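Novice: model the structure of this input:
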Amino acid sequence: MKKEIQISLLPEQVFLEEELLKSVSLFLKLEKERINHIEIIKRSIDARRTPINYQLKAHVYVDEDFTEVENTFNYQNVENSSDFVVIIGSGPAGLFAALQALEFGVKPIIFERGKDVRTRRKDLAILNKKGVVNPESNYCFGEGGAGTYSDGKLYTRSKKRGNVKRVLEALVYHGADKNILVDAHPHIGTNKLPQLIASIREQIISCGGEIHFDSKMTDIAIESGKVKGIVINDNLNVSCEKLILATGHSARDIYFLLDKKGIKQEYKSFAMGVRVEHSQILIDKLQYKCNGVRGEYLPPASYSLVEQTEDRGVYSFCMCPGGVIAPCATSEGEVVTNGWSPSKRNNPFSNSGIVTEVRWDDISEFHSYGPLAGVYFQKRVEEKCWEIAGQGQKVPAQRMIDFVEGVKSEDLPKTSYYPGITSVQLSDVLPKFITKALKEGFKAFKSKMKGYYTNEAVLHAVESRTSSPVRIPRDKESFEHVEVKGLYPIGEGAGYAGGIVSAAIDGQRCIEVIVNGKALD
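Specialist: Numbering: from 1, shown residues only. Have a look, this model is predicted:
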């Protein structure tokens, strides 16, 4: 018989097989010999009190054998299929749209402006060591999109918009650790994502799909309100009637192109702020209430903070335990920060974005740019940070308490940001409304997480690419652009997702709608 249980256990009772068996048998008041298998369904940490516990949901097989069922996907050979879709971008939205197309027997043809994961790594090394930005190959552009080299967090709140489990199962099918299926906050790690992305590419190509790198869409052919084709690299004409726009939130050239073509776009609020770095030992102490030695069965601690200030919220974003702050500029003359963690999250620092909302009314100076006001606002702040920090990939930085008290930091500790930091009054580069909100937020966090508010923490500016500042409007049912037939804007760049899983779901649903006329969830 199969019994479903929910049980609270100490970390070692979860990860030591004999201890887990003993604990479950005591819980069920059964002899250990009767338990043939314990299948963990969900696993989460409860750090609200000491000792720290794991909350487990599990299926226990009593006097019954367990047979593991491998997830399968019906990827069809589409080499000779006359039904095809063109996909711009090979981030999670584009790749999962392609995988879904294979399951429906539709040939996906992907055009990616950047390079494959292996070649892309060389450009990242040059960016980190020499501060030289390749505008087509960086932390945002290239195979796998921004997520490939910026962490691989798989947690999402968009569970009502699609099949999260199916996305995670597809990732496991292509090489991800099975633990992502059970962990409450699943994570792959920047060191493991490239191999997984390459496996997805191989799947697409082996089934007859196409992926073209170094292939930037530079124009769209539209006739009588319908997509007729695209131009790649200003010289290759590609005919198509189904065009999936799966570019990320940093592909500003796409927004400029759509604006030039008169294709409707809308301003979308987004968030901006700084990336703050603490020592991981400190965060472990604060969250686990330990002396800094958390033990081998607990992962590096994370945190989530939010505060409603006088007129807007301030919150943590993309928190990276045991992580690194990375240079995420996509053009020369700007600096942008983001964070990532390896799979073991074993770096000595933790980092997180601390950001606040940017609303239409906040940026009246940029209203003349219409729906692209947020893009130009982002650019202005990023360029100002680049200018003041030395016109390279160093970023402006300030100790946390110094920032709140308006004091320039006399010195700065070494941080994980490889290109380096420059001591700056961040109020000189951040807009006033953002500076005000962040100061109020940090002061509030002082009481919410005692010890977090410290001058040992360093703020790096600017955290500006939290989400798209533009929405490309589409019909809720057909996923088509509201004015252009055959144009399907999806994922983060179009303003419909926020992270790997939600973008992947959006890609899947788009194909379902194209093929079946509706999403299948």
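Novice: in this structure M319 contacts F349, no?
Specialist: No - judged on Cβ atoms under 8 Å, M319 makes no contact with F349 at a distance of 11.9 Å. The way it works is simple: take the backbone N, C-alpha and C, and place the C-beta from them, glycine included.
Novice: got the buried residues for whatever helix or strand I205 lives in?
Specialist: Under the criterion of DSSP states H and E, I205 resides in helix 193-206. Buried residues in helix 193-206, defined by neighbour count with 16 or more other Cβ atoms under 10 Å: L193, P194, L196, I197, A198, I200, R201, Q203, I204.
Novice: next up, the contacts around the nearest residue to the second one once chain neighbours are set aside.
Specialist: Right, the one you point to is P194. Nearest residue to P194, sequence neighbours excluded (Cβ to Cβ, 6 or more residues apart in numbering): V117, at 4.0 Å. Contact partners of V117, counting by Cβ atoms under 8 Å, 6 or more residues apart in numbering, are G142, E143, G144, T148, P194, I197, A198.
Novice: that older thread, what does the helix holding I205 rub up against?
Specialist: 75, 90, 95, 98-99, 102, 108, 110, 116-118, 121, 143-144, 147-149, 152, 171, 174-176, 188, 210-211.
Novice: can we see that at 6 Å?
Specialist: Helix 193-206 is contacted by residues L95, A98, V117, E143, G144, T148, G152, H174, G175, A176, I211 when judged by Cβ atoms under 6 Å, 6 or more residues apart in numbering.
Novice: state the next helix or strand along the chain beyond the longest strand along the chain.
Specialist: If you go by DSSP state E, the chain has its longest strand at strand 35-46. Next along the chain after strand 35-46, taking DSSP H and E as the criterion, comes strand 53-62.
Novice: circling back: any quick ChimeraX command for the buried ones out of the contacts of helix 193-206?
Specialist: In ChimeraX, this line selects whichever of these come out buried by 16+ other Cβ under 10 Å:
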select :95,98,117,143,144,148,152,174,176,211
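Novice: mind putting the contacts of helix 193-206 into a markdown table with distance to S269 and pLDDT?
Specialist: Putting the contacts of helix 193-206 into a markdown table (distance: Cβ to Cβ, whole Å; pLDDT from 0 to 100) gives the following:
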| residue | distance to S269 | pLDDT |
| --- | --- | --- |
| L95 | 27 | 98 |
| A98 | 30 | 98 |
| V117 | 32 | 95 |
| E143 | 30 | 97 |
| G144 | 27 | 96 |
| T148 | 27 | 86 |
| G152 | 26 | 71 |
| H174 | 34 | 96 |
| G175 | 36 | 94 |
| A176 | 32 | 94 |
| I211 | 34 | 98 |
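Novice: can you tell me which of the contacts of helix 193-206 is nearest K226?
Specialist: Nearest to K226, judged by Cβ to Cβ, of those is A98 at 22.8 Å.
Novice: can you pull the contacts of that closest one?
Specialist: Neighbouring residues of A98 by Cβ under 6 Å, 6+ apart: I87, P108, I110, I204, G209.
Novice: dihedrals phi and psi, S423?
Specialist: Backbone torsions for S423, taken as degrees, to the nearest 10, come to phi -70, psi 120.
Novice: er, I511 I mean
Specialist: phi -70, psi -40.
Novice: neighbours around it, how many?
Specialist: 29 (other Cβ atoms under 10 Å).
Novice: also R118?
Specialist: The number of residues packed near R118 is 11, by other Cβ under 10 Å.
Novice: looks to me like it is in a strand.
Specialist: No - counting by DSSP: H, G, I helix; E, B strand; the rest coil, one finds R118 to be helix, located in no strand.
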